[in-house]
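Visitor: here is the input, now give the coordinates:
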Amino acid sequence: MPKKLRKKREERISFNVFDELTQSYTGKFFAYTEPSLATALHRGNGYRVRFNSVPQFPQILEKLEDSEFAKPQKNLVDAAKYIDESYYARAAR
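Guide: Numbers count the residues shown, from 1 in each chain. Here you go, the predicted structure:
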C-alpha cells in the first residue's frame with residue numbers, strides 16, 4: 001500500500017539509531033522530511049541520511065545510501081515461564 005502524502009507539509013519519520021560498534025539499536029527518535037523523500041524511506045529498512053543542524057526541528061535533508069544493518073532482535077521471553085505446570089501434571093495422569 002503506497003504511503004499517503006500530506007500536501008505542502010513535512011512528514012514525521014520515526015527511526016532508531018544503529019551503533020555499528022555494538023551492533024545494536026539505541027533509542028527511538030523522530031525527524032521531519034519533505035513528502036517526496038518520505039516515500040523513499042521504507043519501514044524496516046536501513047539508510048544513511050544527512051540531517052540539518054537544528055536540534056529543535058530535526059530534518060532529514062537527503063538519503064545518502066541504503067544500508068544493510070542488523071535486524072532488530074525481539075525481546076523473546078523464555079516460554080517456560082508461561083507454562084502452567086499443573087496443566088501438564090494433570091494431562092500426564
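
Visitor: every contact and neighbour count from this point should use C-alpha atoms.
Guide: OK.

Visitor: report all helices and strands that the one helix or strand Glu65 maps to contacts.
Guide: Following DSSP states H and E, the helix or strand that holds Glu65 is strand 60-67. If you count contacts as 3 or more C-alpha pairs under 8 Å, 6 or more residues apart in numbering; DSSP states H and E, strand 60-67 packs onto strand 24-33, strand 46-51.

Visitor: closest one to Glu68 among these?
Guide: Shortest separation from Glu68 across the helices and strands packed on strand 60-67 is recorded for strand 46-51, at 6.1 Å, computed as C-alpha to C-alpha.

Visitor: quick one: average pLDDT of stretch 50-68?
Guide: Throughout stretch 50-68, pLDDT has a mean value of 91.

Visitor: tell me the secondary structure for Ser36?
Guide: What DSSP: H, G, I helix; E, B strand; the rest coil gives for Ser36 is helix.

Visitor: state the pLDDT value of it.
Guide: pLDDT at Ser36 comes out at 88.

Visitor: ok, it to Ile60 distance?
Guide: 12 Å (C-alpha to C-alpha, to the nearest Å).

Visitor: the more surrounded of these two?
Guide: Ile60 (18 against 11; other C-alpha atoms under 10 Å).

Visitor: bridging residues for that one?
Guide: Phe51 (DSSP bridges).

Visitor: which residues sit in contact with it?
Guide: Ala31, Tyr32, Thr33, Val49, Arg50, Phe51, Asn52 (C-alpha atoms under 8 Å, 6 or more residues apart in numbering).

Visitor: can you tell me how far the last one is from Ser24?
Guide: In this case it means Asn52. Distance, Asn52 to Ser24, using C-alpha to C-alpha: 24 Å.

Visitor: brilliant, that's me finished.
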